[in-house]
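Asker: next comes the sequence, and after it the predicted model I'd like to discuss.
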Amino acid sequence: MGHAVSYEDDGTPQEQSRRKFMVNMVVGLSGVIGLVLGIPLVATMIPDSKTGGATWSPLSDDEMKKLQAATEKPIKVTFNVHTVDGYLTPADDEQFVWAIKTTDAKMRAARPELFDGKTKLTYPVINMGFVLFSPICPHLGCRYVLDTDGKFLCHCHGSRYDDLGVHIAGPAQRGLDPLPLREHDGKGEVTWIHYKGNEPDHVILSYT
Ligand code: FES
C-alpha cells in the first residue's frame with residue numbers, strides 16, 4: 001500500500017520542475033540529433049534529377065587512344081565515376097560504356113525517338129563522332145554483352161539490341177541509353193547516368 005502511494009506522489013514543486021526540465025531536455029536533444037542525422041540521410045535518398053547533379057568523368061590517355069583508333073565496331077571505354085554518398089568517404093567507382101563510332105544522320109535514322117518527342121534526350125546523342133551506351137540493360141538493369149554477331153544481348157531475359165542500340169527483341173521497352181560525352185581541354189569526358197528501367201521514357205534515377 002505504501003509503495004502504491006509513493007507512485008501517485010507527484011513530489012515537491014522543485015522535483016516536478018526538475019523532472020519537467022529533464023523531459024524537455026531529452027525531447028530537445030532527440031530532436032537535434034534527429035535533424036543532424038536525418039537531413040543528410042534524407043538528402044542521399046532523393047534522386048538528383050537536375051542537370052546540377054551531373055559530373056563529368058575524364059577519360060584516361062589510354063582510353064582516348066582507344067577512341068581515336070576505333071572503327072565502327074563497338075568498343076568498351078573505362079573510366080572512374082567519382083561518388084560522394086552521404087557520410088561515406090568519397091570514392092572512385094570504375095565503370096565502362098560501349099562506344100560506337102557513327103554519325104548524327106545514322107543515329108537520327110535508327111533512333112528518331114532520341115531526338116524528338118517524349119523520349120528525346122536533353123543532351124547531344126553524338127559527340128566527337130561517337131555514341132556512348134550505358135552498359136545497363138534498360139529492361140531490369142542487368143549488364144548486357146556484345147554478342148558474336150556484333151549486336152548486344154542481355155542474358156537475363158533475352159533482350160537484344162543492334163549496334164546502334166535499337167531494341168530488336170525481348171522484353172525491354174526502349175533501346176540502349178546513350179550517355180553524355182564532351183570534349184574538354186582536348187580530353188573526352190563522360191557523365192554517368194542511371195536511368196529507370198522497364199519503361200519507354202528516359203527517367204533519371206541518379207548520376208552515380
Ligand atoms: S534485364 Fe536485360 S533483358 Fe531483362
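Answerer: Cool, got the structure.
Asker: from Cys156, how far out is Phe130?
Answerer: 26 Å (Cβ to Cβ, to the nearest Å). In this view, the C-beta of every residue, glycine as well, is placed from N, C-alpha and C.
Asker: more neighbours: which of those two?
Answerer: Phe130 (21 against 14; other Cβ atoms under 10 Å).
Asker: how about the CA coordinates for stretch 150-158, as CSV?
Answerer: C-alpha atoms of stretch 150-158 as CSV (Å, rounded to 0.1, in the frame of the first residue of the first chain):
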residue,chain,number,x,y,z
GLY,A,150,28.2,-7.6,-83.3
LYS,A,151,24.8,-7.0,-81.6
PHE,A,152,24.1,-6.6,-77.9
LEU,A,153,22.5,-9.4,-75.9
CYS,A,154,21.2,-9.3,-72.3
HIS,A,155,21.3,-12.8,-70.9
CYS,A,156,18.9,-12.0,-68.0
HIS,A,157,15.7,-12.1,-70.1
GLY,A,158,16.9,-12.2,-73.7
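Asker: are it and the ligand in contact anywhere?
Answerer: Yes. On the criterion Cβ under 6 Å from any ligand atom, stretch 150-158 is in touch with the ligand at 154, 156-158.
Asker: how is the chain divided into domains?
Answerer: The record's domain parsing of the chain by automatic domain parsing lists 2-45, 51-206.
Asker: those domains: lowest mean pLDDT?
Answerer: Across these, the stretch with the lowest average pLDDT is domain 2-45; it has a mean of 58.
Asker: state the distance from Phe79 to Tyr207.
Answerer: 14 Å.
Asker: which of the domains of the chain is buried the deepest?
Answerer: domain 51-206 (a mean of 16; mean count of other Cβ atoms under 10 Å).
Asker: spell out which parts of this structure neighbour the ligand.
Answerer: Counting by Cβ under 6 Å from any ligand atom, the residues of the chain that sit close to the ligand are 137, 139-142, 154, 156-159, 170-172.
Asker: show me the helices in this structure, by range?
Answerer: For the chain, the helices defined by DSSP state H occupy 2-8, 13-45, 61-68, 104-110.
Asker: any idea how far Ile75 is from the closest residue in space to Leu179 that isn't next to it in sequence?
Answerer: Using Cβ to Cβ, 6 or more residues apart in numbering and skipping residues adjacent in sequence, the residue nearest Leu179 is Leu132, 4.8 Å away. Here the criterion is Cβ to Cβ. By it, Leu132 lies 10 Å from Ile75.
Asker: could you do Phe96 as well?
Answerer: Distance from Phe96 to Ile75, by Cβ to Cβ: 10 Å.
Asker: strand partners (parallel or antiparallel) of the top strand by length along the chain?
Answerer: Using DSSP state E, we find that the single longest strand of the chain is strand 91-101. The sheet places strand 91-101 alongside strand 75-83 (antiparallel), strand 130-133 (antiparallel), with pairing taken from DSSP bridges.
Asker: distance from stretch 184-199 to the middle of the chain?
Answerer: Computed by Cα atoms, centre = their mean, to the nearest Å, the chain-centroid distance of stretch 184-199 equals 9 Å.
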